[in-house]
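Student: With the sequence up front, the predicted model follows.
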Amino acid sequence: MKSGSLKKPLSVVSKHDENAAGSGIGENISAEAARVRKALLETGIETPVSVPSESSKAFQLTDEEKLVRLESAFVEVLDILGLDRRDDSLQETPKRIAKMYLKEIFSGLNYSNFPKITLIENKMGNDEMIAVSDINVTSTCEHHFVTIDGFAKVAYIPNKTIIGLSKINRIVRFFSQRPQVQERLTQQILVALQTLLDTEHVAVTISAVHYCVKSRGVMDSTSSTTTTSLGGCFKSNPASRAEFLSS
């Protein structure tokens, strides 16, 4: 997609095209999404999911069927906790949680939701750092299924193409909308951008509060966690690394 600022239609990959889409999570995923997922699998940092098979329910159910099953599961949770589902405040809770899980906070498990990517030819030959700071990160800890809340900073040095700035935010959001550990989230964003931009020179750092620490267990309300993943010159060149970390 090296056509200046002109956008080209994204190619689409069938979920059955194993060469392009790997195990094909999500129908009709874009070629860009397939490339990113393949890179994550090859580097061993893809989110752990069931391998598609005849017995793997997640790959046989439609979204509507998943919503029904999730709602049923949360009905049971409320019943086990002894909550009165007849109360008007709780009547729709299982349905609300089911929709939230599938359509919102875990929507990044489905590569059909991968953001549409616009790449622009690097006509000016820009070889300086491009950085986006204070990107909102709201994710879910996969250990306790409670919130991870913080900010990301992402930088890259262009090769032949430049990505639309908002697409960086959208990629961060996509990978955040999964059960996550912060270390993996940081690496997934890095590898996704390296793959799309065809450059190793990418850097990502995330600082976040984990509610599994804040609201339970040790109940520390003031600590935060910072993770950093560096590629190319950001890893090998102290000056580039310092420029990123201080920007």
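Tutor: Cool, the structure landed. Predicted, not measured: the structure shown is a model, and the values here were computed from it.
Student: Give the helix, strand or coil label for the residue of the chain most remote from its centre.
Tutor: Note on the chain: the largest separation between a C-alpha and the mean C-alpha position, by Cα atoms, centre = their mean, falls on residue 86 (36.5 Å). Residue 86 carries the three-state label coil when classified by DSSP: H, G, I helix; E, B strand; the rest coil.
Student: mind checking how far it is from residue 173?
Tutor: 37 Å (Cβ to Cβ, to the nearest Å). Every C-beta, even on glycine, is put in place using the N, C-alpha and C of the backbone.
Student: what about residue 157, neighbour count?
Tutor: 20 (other Cβ atoms under 10 Å).
Student: Next, the residue nearest to it when sequence neighbours are not counted: phi, psi?
Tutor: The shortest distance from residue 157 to any non-neighbouring residue, by Cβ to Cβ, 6 or more residues apart in numbering, is to residue 201 (3.9 Å). When read as degrees, to the nearest 10, the backbone of residue 201 gives phi -80, psi 70.
Student: for the one 3 residues further on, same thing?
Tutor: With angles defined as degrees, to the nearest 10, residue 204 shows backbone torsions of phi -140, psi 130.
Student: Next: residue 191.
Tutor: Torsion angles, degrees, to the nearest 10, at residue 191: phi -70, psi -40.
Student: The closest residue to residue 143 other than its chain neighbours - how many residues pack around it?
Tutor: Sequence neighbours aside, residue 212 is the residue nearest to residue 143 in space, at 6.2 Å (criterion: Cβ to Cβ, 6+ apart). When neighbours are counted by other Cβ under 10 Å, residue 212 registers 17.
Student: Also residue 236?
Tutor: 12.
Student: Please apply the same query to residue 69.
Tutor: 15.
Student: Residue 172 sits in which helix or strand?
Tutor: Element membership of residue 172, judged by DSSP states H and E, is helix 165-176.
Student: and that helix, C-alpha only, in PDB?
Tutor: Taking Å, rounded to 0.1, in the frame of the first residue of the first chain, the C-alpha atoms of helix 165-176 are listed here in PDB:
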ATOM      1  CA  LEU A 165      -1.200   8.000  14.100                       C
ATOM      2  CA  SER A 166      -4.700   7.000  15.300                       C
ATOM      3  CA  LYS A 167      -3.900   3.500  14.100                       C
ATOM      4  CA  ILE A 168      -1.300   3.100  16.800                       C
ATOM      5  CA  ASN A 169      -3.900   3.900  19.400                       C
ATOM      6  CA  ARG A 170      -6.300   1.400  17.900                       C
ATOM      7  CA  ILE A 171      -3.700  -1.300  17.800                       C
ATOM      8  CA  VAL A 172      -3.000  -0.700  21.500                       C
ATOM      9  CA  ARG A 173      -6.700  -0.900  22.200                       C
ATOM     10  CA  PHE A 174      -7.200  -4.100  20.200                       C
ATOM     11  CA  PHE A 175      -4.500  -6.000  22.100                       C
ATOM     12  CA  SER A 176      -5.700  -4.500  25.400                       C
END
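Student: Please work out which residues outside it touch it.
Tutor: 108, 113-115, 117-118, 132, 135-139, 148, 152, 154, 185, 188-189, 192-193 (Cβ atoms under 8 Å, 6 or more residues apart in numbering).
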